[in-house]
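Peer 1: okay, structure incoming, though there's no sequence with it:
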């Protein structure tokens, strides 16, 4: 269900070259707004701004914001708030933070909506299969080990209360990597808007949000990357960002992040309901939303549920989603009616 820093790059995949170079309007140093960027959450982030002048000390503010989020939500830092929560005894309320609840509450909503296909307590299974902070195993986990890990999974055993309380009713290990990057992008967008900058593109590991227009008035353009290993970098669809004020996009797929055991390829996408990587033929799911957090979470949820169950939920919830599925002859696309409102027709022969 989640990928880890340093393993086959990020979880969300789109044509970043289109999104942050040719398709942006603030990569012209002559306009005084060179892009900002750096490392965060085991991946890279970029910020493009088309507001003049750019807010002072923006780079330092972004760094501080992202550091604060990692200090709360990283499973790779033993001193993070989330790591302390994972080690906390069951049955006791832990003083958390409003930021952590701002992520956990939507996660619980997604879990209930999907009957557990999305579940941030899936951490024991993620770690068991080698997609977490621990080293990857040398072989497929034994059925008994999978069963034991599943005993430590279950969003129903996590209780939240405002303003900032979390309680576990059984031993749980929470992993927020399916939703935390989206949350961080939203927080970066809020920082920019709060500084009076209403024209920007923000991206972390492929999770992306745009607002306003480029310098010169043209719309931002972001593209959905093909999952075909023979055509990585090809663009399947271009999102028409001028059709909505402020749009976020996230993609969940298995074509860049996987492990191999005995010649068999296993997706990093773990189904909490089975305890194993998904086995359907879905290659990727892209979701458009007004919130990157929700786009991020829904993309993972739909990818776990698969091309049939996931598509039905996306249509029922009026989600803008694109499903790319492997076929015997290549790949096929299936877009929800809502997704079709914001994108170009299929291109590059797909």
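Peer 2: Received the coordinates, thanks. All of these numbers come straight from a predicted model, not from anything done at the bench.
Peer 1: residues contacting the residue most central in space within the chain?
Peer 2: For the chain, the residue sitting closest to the mean C-alpha position, by C-alpha atoms, centre = their mean, is residue 296 at 3.8 Å. By C-beta atoms under 8 Å, 6 or more residues apart in numbering, the contact set of residue 296 is 12, 178, 179, 181, 182, 183, 207, 250, 287. The C-beta positions use only the backbone N, C-alpha and C, and glycine is treated the same way.
Peer 1: which non-adjacent residue is nearest it?
Peer 2: Of all residues not flanking residue 296 in the chain, residue 182 sits nearest, at 2.8 Å (C-beta to C-beta, 6 or more residues apart in numbering).
Peer 1: coming back round to it: the contacts of residue 296 in helices, which ones?
Peer 2: Among the contacts of residue 296, the members falling in helices (DSSP state H) are 181, 182, 183.
Peer 1: pick the one among these closest to residue 318.
Peer 2: Proximity of the ones in helices among the contacts of residue 296 to residue 318 (C-beta to C-beta) peaks at residue 182, which lies at 18.9 Å.
Peer 1: from residue 205, how far out is the closest one?
Peer 2: Taken as C-beta to C-beta, to the nearest Å, the spacing of residue 182 relative to residue 205 amounts to 10 Å.
Peer 1: that older thread, past whichever strand or helix holds the residue nearest to the centre of the chain, which element shows up next along the chain?
Peer 2: With elements taken from DSSP states H and E, the one containing residue 296 is helix 292-305. Using DSSP H and E, the next helix or strand after helix 292-305 towards the C-terminus is helix 309-316.
Peer 1: which residues sit against the next helix or strand after that following helix?
Peer 2: Along the chain past helix 309-316, the next helix or strand (assigned with DSSP H and E) turns out to be strand 320-327. The set of residues that contact strand 320-327 without belonging to it, under C-beta under 8 Å, 6+ apart, is 224, 226-227, 236-237, 253, 281-289, 298-299, 302, 307, 310-311, 314, 331-336, 338-339, 341-343, 350.
Peer 1: tell me the mean pLDDT for the helix holding residue 296?
Peer 2: Mean pLDDT, helix 292-305: 97.
Peer 1: next, the angle from that helix to strand 320-327.
Peer 2: Computed by axes from the mean of the first three to the mean of the last three C-alpha atoms, to 10 degrees, the angle separating helix 292-305 from strand 320-327 equals 30 degrees.
Peer 1: all further residue positions should be reported with the first residue as 41.
Peer 2: Sure, I'll start counting at 41 from here, so that last one is helix 332-345.
Peer 1: relative to residue 136, which of the ones in helices among the contacts of residue 336 is nearest.
Peer 2: When those are compared for distance to residue 136 (C-beta to C-beta), residue 223 wins out at 14.4 Å.
Peer 1: for residue 287, see how far away the closest one is.
Peer 2: As judged by C-beta to C-beta, residue 223 and residue 287 stand 17 Å apart.
Peer 1: residue 378 too?
Peer 2: From residue 378 over to residue 287 (counting by C-beta to C-beta), the distance is 12 Å.
Peer 1: quick check: neighbours shared by these two?
Peer 2: residue 328.
Peer 1: against residue 249, how distant is the residue nearest to the centre of the chain?
Peer 2: Distance, residue 336 to residue 249, by C-beta to C-beta: 10 Å.
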